[in-house]
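Asker: take this sequence and fold it.
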Amino acid sequence: MRRAVCPGSFDPVHNGHLDIVRRASGLFDEVVVAVGTNPSKSRLFDADERMEMLRRAVEPFGNVRVAGFTGLLTDFCRDNDVHAIVKGLRAAGDFEYELPMAQMNSHLADVETVFVATEPTYGFVSSSLVKEVAGLGGDVAAFVPPFVLERLTARLAERSRQS
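Answerer: Below you'll find the model as predicted:
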């Protein structure tokens, strides 16, 4: 079985992420969307919320499942018989950031990194940018699934009331 992982924090998941997962699901027998659950990092959504949103978002893809992980991605790959990491590249800067990690991952485990060029429509979209624009009242509906937009809007409003 050809199994791949699409790792990330997905805080929140956006359509660019889903485009890469969809395309990976056509290349591999199974795709695991692995959600980093580093407890020392501050996120808008906790790991369970992010995994819940991802599970709903990937429902249309029959060969995709969602799992959380802590620690090294290569340990997750080894423990789950994963031999390919799929990463989306938006621009040259992403490649410069991702290449050393791919080389280190290959050194640490029997795993190859597959780079997939992001669909141009989503080439500028990131979770950070989505949160920033939404937090300032901008319309990000074109970049996230509707149920994510609803949760994002509610969480930002909640945080705004608390400050």
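
Asker: could you pull out the strands for this protein?
Answerer: 3-8, 30-36, 64-69, 84-89, 112-117 (DSSP state E).

Asker: mind checking which of these is nearest residue 127?
Answerer: strand 3-8 (8.3 Å; C-beta to C-beta). The way it works is simple: take the backbone N, C-alpha and C, and place the C-beta from them, glycine included.

Asker: neighbouring strands of that closest one in the sheet, and parallel or not?
Answerer: Strand pairing for strand 3-8, determined by DSSP bridges: strand 30-36 (parallel), strand 84-89 (parallel).

Asker: now the last one: mean pLDDT?
Answerer: Here strand 84-89 scores 97 as its mean pLDDT.

Asker: make TSV out of the strands of the chain and add distance to residue 141.
Answerer: Formatted as TSV, those follow (distance: least, C-beta to C-beta, whole Å):
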stretch	distance to residue 141
strand 3-8	21
strand 30-36	22
strand 64-69	23
strand 84-89	21
strand 112-117	24
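
Asker: redo the ones you listed as a markdown table? Include distance to residue 140 and mean neighbour count.
Answerer: Listed next are those as a markdown table, based on distance: least, C-beta to C-beta, whole Å; neighbours: other C-beta atoms under 10 Å:
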| stretch | distance to residue 140 | mean neighbour count |
| --- | --- | --- |
| strand 3-8 | 18 | 22 |
| strand 30-36 | 21 | 23 |
| strand 64-69 | 22 | 18 |
| strand 84-89 | 18 | 21 |
| strand 112-117 | 22 | 15 |
